[in-house]
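Visitor: Turn this into a model:
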Amino acid sequence: MDRNTLLEHRLLWVVEPGEKRFADELKNLTGPEQELFTALRSNSLGTNIRLEQERIQYEYVMGAVLNTRAY
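Guide: Numbering: from 1, shown residues only. Model prediction:
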């Protein structure tokens, strides 16, 4: 997930219980994804925030997919 998607959906954020937080490293993220993951882990955007991707509206997702460049 990218930072803009997360921030645009603040009303959908929930608090993730501490025992469910992922604390390991993720090695296959892009630079911006890694920065966001680090911000989430360090609680710099809020305490234990989580956005379940399935809560994002379909139209938003389709718009993001259509605006993505294929590599």
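
Visitor: contacts, neighbours, all on C-alpha from now
Guide: OK.

Visitor: Next, give phi and psi for Ala39.
Guide: phi -60, psi -40 (degrees, to the nearest 10).

Visitor: so it sits right up against Asn48, yeah?
Guide: No - applying C-alpha atoms under 8 Å as the test, Ala39 and Asn48 come out as separate, 10.5 Å apart.

Visitor: Between those two, which is the more surrounded one?
Guide: Asn48 (18 against 14; other C-alpha atoms under 10 Å).

Visitor: That one contacts Ala23, correct?
Guide: No - assessed by C-alpha under 8 Å, Asn48 is found out of contact with Ala23, at 11.7 Å.

Visitor: where does the residue nearest to Pro32 when sequence neighbours are not counted sit relative to Glu19, distance-wise?
Guide: Distance criterion C-alpha to C-alpha, 6 or more residues apart in numbering; nearest residue to Pro32, sequence neighbours excluded, is Asp2 at 7.1 Å. Using C-alpha to C-alpha, to the nearest Å, Asp2 is found at 24 Å from Glu19.

Visitor: Which one's more surrounded, the two?
Guide: Asp2 (13 against 7).

Visitor: how about the helix or strand bottoming out on mean pLDDT in the chain as CSV, C-alpha atoms only?
Guide: Every helix and strand of the chain was ranked by mean pLDDT, DSSP states H and E. The lowest is helix 58-66, at a mean of 90. The C-alpha coordinates for helix 58-66 follow below in CSV (Å, rounded to 0.1, in the frame of the first residue of the first chain):
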residue,chain,number,x,y,z
TYR,A,58,-13.7,-0.8,-5.2
GLU,A,59,-13.8,2.4,-7.4
TYR,A,60,-10.8,3.8,-5.6
VAL,A,61,-8.8,0.5,-6.2
MET,A,62,-9.8,0.4,-9.8
GLY,A,63,-8.8,4.0,-10.3
ALA,A,64,-5.4,3.2,-8.8
VAL,A,65,-4.9,0.1,-10.9
LEU,A,66,-5.8,2.0,-14.1
